[in-house]
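Colleague: Structure for this input, please:
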Amino acid sequence: MKKAEPALLTEKTADTIRHKIVSGELAPGLRLSEAALSEQLTISRNTLREVFRLLTQEGLLRYEPNRGVYVAEPDMAAIIDIYRLRQLIECSALRNAYPLHPAVERMTQAVSQARALSLQQDWTGVGTANMQFHSAIVDLADSERLNRIYRNISAELRLAFGHLNDAELLHAPYVEKNGAILALLNAGQNEQAAQALSAYLELSQRTVLAALSRRAR
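Modeller: I've put the predicted structure just below:
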């Protein structure tokens, strides 16, 4: 098998690490072992260093001289900016979605999965299903550029959620809120769905910022 070109391998590896962040596998503040990660991903350390450089530029990792590379912990300004972008991207996507868009089925699957996982008290899994729901909302816009932007936002958002130690408190209230937004969209009430999402995002932002404020005391 022909080896992947260096640039392609770097981007594929960066995508893998982003996915690990979105899924909650890599927690905020975690120190990354260059030796262990290069072995796990079967790539050279030089390639991994390039991946680290790329993800540091994106704000997902941070480098501390003489200490190493860590998964980032978004501060208050970053969290506010993340939610500002979510309001612009997601609410617009809902307002302009057309009926029977394929992404609606992915939203439906994400809601069903979150409900099933909540019954199992798997709140980390519920959080991942919630992220999938919102990614599907962005897919309604049919814009690969927005999808790329949102992939990075999703990873930063999962790191922001790390400020809350109680995963149930963070994710449980939004399972049925997602269901309600989906129901409005299916009923053709796009504007109402967008308004419900806007209020939802405001509540989520306040929850995360409050948790960050408590940790800073």
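Colleague: From here on, just use CA atoms for contacts and neighbour counts.
Modeller: Fine.
Colleague: Confirm that residue 104 sits in a helix.
Modeller: Yes: according to DSSP: H, G, I helix; E, B strand; the rest coil, residue 104 belongs to a helix.
Colleague: Which per-residue confidence value corresponds to it?
Modeller: For residue 104, the model assigns a pLDDT of 97.
Colleague: What residue spans form the domains of this structure?
Modeller: 6-71, 76-216 (automatic domain parsing).
Colleague: Other residues contacting stretch 64-74?
Modeller: For stretch 64-74, contacts defined as CA atoms under 8 Å, 6 or more residues apart in numbering pick out 26-33, 52, 59-63, 156, 159-160, 162.
Colleague: show me where the chain has strands.
Modeller: Per DSSP state E, the chain carries strands over the ranges 31-32, 61-64, 68-71.
Colleague: which one of these lies closest to residue 14?
Modeller: strand 61-64 (11.1 Å; CA to CA).
Colleague: now the protein, which segments are flagged as low pLDDT?
Modeller: For the chain, the stretches flagged by pLDDT under 70 are 1-5, 163, 216-217.
Colleague: okay, which residue is most central for it?
Modeller: Centroid-nearest residue in the chain, with CA atoms, centre = their mean: residue 154, separated by 2.2 Å.
Colleague: okay but it is in contact with residue 131, surely?
Modeller: Yes: using CA atoms under 8 Å, residue 154 is in contact with residue 131, at 7.1 Å.
Colleague: so what's in contact with these two at the same time?
Modeller: Common neighbours of residue 154 and residue 131 (CA under 8 Å, 6+ apart) are residue 22.
Colleague: Tell me the buried residues in the longest helix seen in the chain?
Modeller: The longest helix of the chain (DSSP state H) is helix 190-216. Residues 190-191, 193-194, 196-198, 200-201, 204-205, 207-209, 211-212 are the ones in helix 190-216 that count as buried (16 or more other CA atoms under 10 Å).
Colleague: rewinding a little: among the contacts of stretch 64-74, name the ones in helices.
Modeller: Per DSSP H, the contacts of stretch 64-74 map to helices at 52, 156, 159, 160.
Colleague: and of these, the nearest to residue 102?
Modeller: Using CA to CA, residue 156 is the member of the ones in helices among the contacts of stretch 64-74 that sits closest to residue 102, with 26.1 Å.
Colleague: can you pull the contacts of the residue nearest to the closest one when sequence neighbours are not counted?
Modeller: Nearest residue to residue 156, sequence neighbours excluded (CA to CA, 6 or more residues apart in numbering): residue 60, at 6.2 Å. Contacts for residue 60 (CA under 8 Å, 6+ apart) come out as 71, 72, 155, 156.
Colleague: Nice, that's everything, thank you.
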